[in-house]
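K.L.:
Next come a sequence and a model predicted from it.
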Amino acid sequence: DAGVTQSPTHLIKTRGQQVTLRCSPISGHKSVSWYQQVLGQGPQFIFQYYEKEERGRGNFPDRFSARQFPNYSSELNVNALLLGDSALYLCASSLEGREWSAGGYTFGSGTRLTVV
Amino acid sequence: AQSVTQLGSHVSVSEGALVLLRCNYSSSVPPYLFWYVQYPNQGLQLLLKYTSAATLVKGINGFEAEFKKSETSFHLTKPSAHMRDAAEYFCAVSVHGSSNTGKLIFGQGTTLQVKP
């Protein structure tokens, strides 16, 4: 079985540009979460989606947005990029989004975004 | 509000020595706690989890952790370090909201170096 797939693996953008990151969850998983991991820090929660609806949002500016498609894949969009947005963006999928008791989140390998 | 503190951003041990990575948590409700490992240029892999069952939790690769409520700790240990254990380790606590929601709050991470 394929795991959580993220694309692209790396990209470089210029300040002020916009970027779209993509995530395909494990087959059958209906929930996708996004995390930002700045170099040297732990991941920080950005969004969670379940059944195409936003179920949670972290403390990030409105420049960050996301959506989930009928096939449960997801996109994370970041507008007006800042140097501080440079980070590893991780996607995690789970069956129903509430497997906090089971730790049932599977993470992808991430997209490394560099803003110059 | 839940939070996690990892004591020591960098731990160095000799191959074959005991590994001890420290994690303290803060939670207003009974916590669910996790340890994840991250190898270079990869996503997060779940090592083990505590979900209010046995306080001594055994995980993959010979790691285990003990939940101590009185000390609000969840330290990760391994009796004998191997070179392949060199990685970044993250302690996390789950925040569970309404149905189909949940997120992880991560500590800052501890880099484990294993010397030959």
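P.N.:
Right, received. Where do you want to start?
K.L.:
Tell me who's in contact with the residue in chain A that chain B sits nearest to.
P.N.:
Using Cβ to the nearest Cβ, the single residue of chain A nearest to chain B is A:Gly42, 3.3 Å away. Heads up, the C-betas are built off the backbone N, CA and C, glycines and all. A:Gly42 sits next to B:Val4, B:Phe90, B:Ala92, B:Phe106, B:Gly107, B:Gln108, B:Gly109 when contact means Cβ atoms under 8 Å, 6 or more residues apart in numbering or on different chains.
K.L.:
For chain A, just list every one of the helices.
P.N.:
With DSSP state H, there are no helices along chain A.
K.L.:
okay, which residue is most central for it?
P.N.:
Centroid-nearest residue in chain A, with Cα atoms, centre = their mean: A:Trp34, separated by 2.9 Å.
K.L.:
Okay, strands next: where are they in chain A?
P.N.:
A:5-7, A:10-13, A:19-24, A:31-37, A:44-50, A:53-57, A:64-68, A:74-78, A:87-94, A:106-107, A:111-115 (DSSP state E).
K.L.:
Within the sheet, what are the partner strands of the shortest one, with directions?
P.N.:
Sheet neighbours of strand A:106-107, with direction, are listed as strand A:87-94 (antiparallel) (DSSP bridges).
K.L.:
Same list, the strands of chain A, but as CSV with mean pLDDT please.
P.N.:
Below are the strands of chain A laid out as CSV (pLDDT from 0 to 100):
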stretch, mean pLDDT
strand A:5-7, 97
strand A:10-13, 97
strand A:19-24, 98
strand A:31-37, 94
strand A:44-50, 92
strand A:53-57, 89
strand A:64-68, 97
strand A:74-78, 98
strand A:87-94, 94
strand A:106-107, 90
strand A:111-115, 97
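K.L.:
mind putting the contacts of A:Gly42 in a markdown table, neighbour count included?
P.N.:
Formatted as a markdown table, those follow (neighbours: other Cβ atoms under 10 Å in any protein chain shown):
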| residue | neighbour count |
| --- | --- |
| B:Val4 | 23 |
| B:Phe90 | 26 |
| B:Ala92 | 29 |
| B:Phe106 | 22 |
| B:Gly107 | 25 |
| B:Gln108 | 15 |
| B:Gly109 | 21 |
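K.L.:
Spell out which residues sit in contact with A:Val32, please.
P.N.:
A:Cys23, A:Pro25, A:Gln48, A:Tyr49, A:Gln68, A:Tyr72, A:Ser73, A:Ser74, A:Cys91, A:Ala92, A:Ser93.
K.L.:
And stretch A:7-25, what's buried?
P.N.:
A:Lys13, A:Val19, A:Leu21, A:Cys23, A:Ser24, A:Pro25 (16 or more other Cβ atoms under 10 Å in any protein chain shown).
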